[in-house]
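J.: Sequence and predicted structure, then a few things I'm wondering about:
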Amino acid sequence: MTNSTHQPKLIIHGGAGSSLQGKGGVEAVRQSLYEILKQVYATLEAGTPALEAVIQGCRLLEDDPRYNAGTGSVLQSDGQIRMSASLMEGETQTFSGVINVSRVKNPVDLAKVLQDKSDRILSDVGAMELVRELQLPIHNPLTDLRLNEWLQDRKDNFSRSMANVLASPAPGTGTIGVVALDNQGKIAAGTSTGGKGFEYIGRVSDSAMPAGNYATSDAGISCTGIGEDIINECIAARIVVRVTDGLSLGAAFEKTMTESKANKRDLGAIGIDKTGQIAWGKTSEILLAAYHTGEQLGDTLEWTSLDEVSGSI
């Protein structure tokens with residue numbers, strides 16, 4: 001590890017929701033999240049900047065068909081996959097993202113390129129122009145599981161409000177996110193999603209908005225859950241602003257999640273502050289989050305209490 005006054009910290013998530021079907025599902029998700037934590041944390045220890053570590057983590061999560069991002073994204077009501085992703089580097093407060101992009105393996109790669117552009121958020125047509133400009137290979141993120149989910153819900157007239165957290169003990173869904181603190185004390189956050197599932201054509205999620213992904217030099221936050229609820233509460237930016245105004249990260253999570261629960265929102269979030277505190281919160285039943293402190297790995301996979309809305313370490 002390079003000389004530093006900061007111990008790197010890392011937290012990732014694979015979604016939030018109302019069900020985890022079977023203990024086999026829990027263990028499969030835990031193994032997936034821990035393996036990604038170990039890979040990304042090793043790069044942080046070696047001196048990789050927070051933003052690059054976040055991109056690496058998002059790619060790994062996007063490539064796992066278990067999660068609703070990249071390969072394995074859910075389908076909108078017309079049977080098409082439209083993905084969104086964003087990045088924010090805390091020191092420069094630079095936000096970049098793409099909205100409703102198709103036929104690309106890693107939407108987070110487009111958000112990475114846009115970090116250095118004067119136009120930093122592109123929607124579907126512009127995002128696909130960027131894909132062509134970068135000469136990225138065409139990728140079909142559709143999986144048999146997602147297609148079968150869509151076909152079944154088509155029979156039911158798309159009556160579900162969102163896709164399951166886990167559709168079976170192995171495959172499943174969930175917006176993904178990564179927040180990192182590097183050994184120089186810099187923070188970054190990234191979030192990527194295939195959307196809510198079965199929604200109106202072109203529906204836009206929170207994942208490419210500061211409501212769902214936000215970072216400054218004080219803290220970084222990535223959100224998951226029902227995008228409309230996250231947008232209505234402006235969760236990510238609200239938590240960061242509260243930290244900037246003097247609350248600890250844990251207290252900011254507690255206050256924000258308590259308010260969201262009172263407003264009957266369905267969501268979750270993860271975060272890290274400049275002191276190295278790691279925190280998480282949820283109003284949903286399940287939050288698929290895991291963290292690496294440098295000394296230990298932990299997760300929230302079996303935290304199903306609806307009485308407690310936040311935790312920290």
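T.: That came through, no problem. Numbers count the residues shown, from 1 in each chain.
J.: When you work out contacts or count neighbours from here on, use the C-alpha atoms and nothing else.
T.: OK.
J.: Which of the three states applies to Thr275?
T.: What DSSP: H, G, I helix; E, B strand; the rest coil gives for Thr275 is coil.
J.: looking at this structure, which helix or strand does the model trust least?
T.: Lowest on mean pLDDT, DSSP states H and E among the helices and strands of the chain sits helix 144-155, with a mean of 83.
J.: Give the ranges of residues in the stretch 151-300 of the chain that sit below the confidence cut-off.
T.: By pLDDT under 70, the weakly predicted segments of the stretch 151-300 of the chain are 156-174.
J.: Please repeat the previous calculation with a cut-off of 80.
T.: For the stretch 151-300 of the chain, the stretches with pLDDT under 80 are 153-174.
J.: If you count neighbours, what's buried in the least confident helix or strand of the chain?
T.: For helix 144-155, the neighbour count (16 or more other Cα atoms under 10 Å) marks Leu145, Arg146, Leu147, Glu149, Trp150, Asp153 as buried.
J.: can you give me the helices in the stretch 101-250 of the chain?
T.: 107-114, 124-134, 144-155, 227-233, 235-244, 249-262 (DSSP state H, counting those that start in this stretch).
J.: Can you tell me which of the ones you listed is packed in deepest?
T.: Greatest average neighbour count among the helices of the stretch 101-250 of the chain goes to helix 107-114 (a mean of 25), per mean count of other Cα atoms under 10 Å.
J.: tell me the angle that one makes with helix 124-134.
T.: 80 degrees (axes from the mean of the first three to the mean of the last three Cα atoms, to 10 degrees).
J.: Setting the sequence-adjacent residues aside, check what's closest to His6.
T.: Nearest non-adjacent residue to His6, counting by Cα to Cα, 6 or more residues apart in numbering: Asn183, 4.7 Å away.
J.: Tabulate the helices of the stretch 101-250 of the chain (TSV), appending distance to Gln93.
T.: Compiled in TSV, the helices of the stretch 101-250 of the chain are given as follows (distance: least, Cα to Cα, whole Å):
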stretch	distance to Gln93
helix 107-114	14
helix 124-134	22
helix 144-155	35
helix 227-233	19
helix 235-244	12
helix 249-262	18
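J.: how far away is Gly276 from Ala189?
T.: For Gly276, the distance to Ala189 equals 14 Å [Cα to Cα, to the nearest Å].
J.: wait, I meant Ser77
T.: Taking Cα to Cα, one finds Ser77 at 29 Å from Ala189.
J.: And these two? Which one has more around it.
T.: Ala189 (35 against 19; other Cα atoms under 10 Å).
J.: for that one, what are its contacts?
T.: Ala189 makes contacts with 51, 54, 87-90, 177-180, 213-215, 220-222, as judged by Cα atoms under 8 Å, 6 or more residues apart in numbering.
J.: and Asp119, how many neighbours does it have?
T.: Other residues close to Asp119 by other Cα under 10 Å number 10.
J.: Distance from stretch 205-215 to the middle of the chain?
T.: 9 Å (Cα atoms, centre = their mean, to the nearest Å).
J.: wait, I meant stretch 259-279
T.: 13 Å.
J.: Identify whichever of the helices of the stretch 101-250 of the chain lies nearest to Val204.
T.: helix 227-233 (8.3 Å; Cα to Cα).
J.: Arg82: neighbouring residues, count only.
T.: Neighbour tally, Arg82, other Cα under 10 Å: 27.
J.: Give the helix, strand or coil label for the residue nearest to it when sequence neighbours are not counted.
T.: Excluding the flanking residues, the one nearest Arg82 by Cα to Cα, 6+ apart is Asn100, at 4.3 Å. Following three-state DSSP, we place Asn100 in the strand state.
J.: Now do Asn100 against Met128, distance only.
T.: In this view, Asn100 and Met128 are 9 Å apart by Cα to Cα.
J.: just Ile278 next, same as before
T.: Counting by Cα to Cα, the gap from Ile278 to Met128 is 36 Å.
J.: What are the boundaries of the strands in the stretch 151-300 of the chain?
T.: Ranges of strands in the stretch 151-300 of the chain, per DSSP state E, counting those that start in this stretch, are 176-181, 187-193, 213-215, 219-225, 267-273, 278-282, 286-292, 297-299.
J.: Of all those, which one is nearest Leu33?
T.: strand 286-292 (6.4 Å).
J.: and the closest one with strand 219-225, angle?
T.: 150 degrees.
J.: Show me what strand 286-292 pairs with in its sheet, parallel or antiparallel.
T.: strand 9-17 (antiparallel), strand 297-299 (antiparallel) (DSSP bridges).
J.: Would you mind writing the CA trace of the one helix or strand Glu35 maps to as CSV?
T.: Following DSSP states H and E, one finds Glu35 within helix 23-45. What follows is helix 23-45, C-alpha atoms only, in CSV (Å, rounded to 0.1, in the frame of the first residue of the first chain):
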residue,chain,number,x,y,z
LYS,A,23,-31.1,-18.9,1.8
GLY,A,24,-29.3,-20.1,-1.3
GLY,A,25,-30.0,-16.7,-2.8
VAL,A,26,-28.5,-14.9,0.2
GLU,A,27,-25.3,-16.9,0.1
ALA,A,28,-25.0,-16.5,-3.7
VAL,A,29,-25.3,-12.8,-3.4
ARG,A,30,-22.9,-12.6,-0.5
GLN,A,31,-20.3,-14.5,-2.4
SER,A,32,-20.7,-12.3,-5.4
LEU,A,33,-20.5,-9.0,-3.4
TYR,A,34,-17.6,-10.1,-1.3
GLU,A,35,-15.6,-11.2,-4.4
ILE,A,36,-16.2,-7.8,-5.9
LEU,A,37,-15.2,-6.0,-2.7
LYS,A,38,-12.0,-7.9,-2.5
GLN,A,39,-11.0,-7.2,-6.1
VAL,A,40,-11.8,-3.5,-5.9
TYR,A,41,-10.3,-3.0,-2.4
ALA,A,42,-7.0,-4.5,-3.5
THR,A,43,-6.8,-1.7,-6.2
LEU,A,44,-7.6,0.9,-3.6
GLU,A,45,-4.8,-0.4,-1.3
